[in-house]
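> Just to be clear, the model below is a prediction. Sequence and coordinates:
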Amino acid sequence: MTRHTYARDDYVAALGTAITALSWSTAVVGREIADGGGHDAIGSYPMAIIRGDVSEGLEELRAHGLVSVVVVPDPLAHHIDAFREHFDRVTAFKTHLLIDGPFEPSAHHRERIRRGHRRCRIEQGKLARWLPDWCTLYAGLVESRGVTGMAAFSKGYFDVLAKYDDITAFAAFVGEDMAGMTLWFANDGIVYNHLTACNEAGYRNGAAFALYDAAITHFGDQGVINLGGGPGAFGAEDSGLFQFKQGFANSKTAAHVCGAVLDREAYDRLAADKPKAFFPAYRG
């Protein structure tokens, strides 16, 4: 089995300080806690791929001196009960939309797909071929949508992605100008819609509809397709992004956020007088 993209050492290192969890065959991203509170960790973006014993990995991270760890396990690769047994907090996080079986987009989407293909030319290739254009598209998305945190990726992150042979890029052109791009890959019977960005010309000409159609058609025989979710929390289905993906999907599943306290004394000290709804509470 090829090492999953989200579990590769250089991928996690491109997100921040990588802390290896050999028991999980992956790494997590270390984070400094403010005011000398030590360090905690978060799983790979956008999902953690954890192989091996869940409890052994937690003990390994505890030995690193971390206060806590938060991961979102891939809902198609992991059974959530294994995490409920060993993590202190397991909460439904997002609804992920899937294509499991024949691809039958909604009538609305079929019309938009046809229009997108009429107005846009779709090309398929490796990210390295179009890396500067992709960085420009994604920077525009970050600015227009106010993207912050881990998803406001650096160019170094995309430099790493561009080295991977399993990442397939689909680019949309209006005339000779790039209007949108989407990045996909497959691993062990699951297809991942990783990132998509369009500019104003792309939105006007339905580039995203044509791009998704091209990617879904290309990967249609490689397993269940996980389109991901929208920007809202679990059950929030009113965003434009969620509804866009829903028009392609025929199934859905829940992704969960899982939090574990690794140093109880330090955690309780940091979380004192903090609202307990968020995990870790000291970051709420």
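On my side now, so go ahead.
> Do a quick rundown of the strands in this protein.
Under the criterion DSSP state E, the chain contains strands at 17-21, 26-33, 38-42, 68-71, 89-99, 121-125, 168-174, 177-187, 190-198, 224-228, 251-261.
> Just name the most buried of the ones you listed.
Burial of the strands of the chain is given as mean neighbour count (mean count of other C-beta atoms under 10 Å); strand 68-71 ranks first at a mean of 26. Quick note: C-beta positions are derived from backbone N, CA and C, even for glycine.
> Note down every partner strand of it and its orientation.
strand 38-42 (parallel), strand 251-261 (antiparallel) (DSSP bridges).
> Can you check which of the strands of the chain gets nearest to Ser55?
For the strands of the chain, proximity to Ser55 was assessed by C-beta to C-beta; strand 251-261 is nearest, at 9.7 Å.
> ok so, going back, need the strands paired with strand 68-71 in a markdown table with distance to Ala215 and mean pLDDT, can you?
Below are these laid out as a markdown table (distance: least, C-beta to C-beta, whole Å; pLDDT from 0 to 100):
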| stretch | distance to Ala215 | mean pLDDT |
| --- | --- | --- |
| strand 38-42 | 28 | 98 |
| strand 251-261 | 17 | 97 |
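> quick one: the residue lying closest to Ala281 once chain neighbours are set aside from Gly37, how far?
Nearest non-adjacent residue to Ala281, counting by C-beta to C-beta, 6 or more residues apart in numbering: Ala271, 3.8 Å away. From Ala271 across to Gly37, the span is 10 Å (C-beta to C-beta, to the nearest Å).
> shared neighbours, those two?
Counting by C-beta atoms under 8 Å, 6 or more residues apart in numbering, the common neighbours of Ala271 and Gly37 are Tyr282.
> In terms of neighbours, single out the busier of the two.
Taking neighbours as other C-beta atoms under 10 Å, Ala271 and Gly37 compare with Ala271 leading, 20 against 15.
> Just the pLDDT at the more buried one, thanks.
In this model, Ala271 is scored at 95, pLDDT.
> The one 3 residues further on now?
On the pLDDT scale, Lys274 is placed at 91.
> Going forward, count from 5.
Understood, numbering begins at 5; the last thing we discussed is Lys278.
> Near the residue nearest to it when sequence neighbours are not counted, how many other residues are there?
Closest residue to Lys278 apart from its sequence neighbours, by C-beta to C-beta, 6+ apart: Ala285 at 4.3 Å. Residues lying near Ala285 (other C-beta under 10 Å) number 20.
> Run through the residues that contact Ala285.
Residues in contact with Ala285 (C-beta under 8 Å, 6+ apart) are 271, 274-275, 278-279.
> ok, longest helix in this structure?
Secondary structure of the chain per DSSP state H: the longest helix is helix 135-149.
> helices or strands up against that one?
On a contact count with 3 or more C-beta pairs under 8 Å, 6 or more residues apart in numbering; DSSP states H and E, helix 135-149 meets helix 159-165, strand 181-191, strand 194-202.
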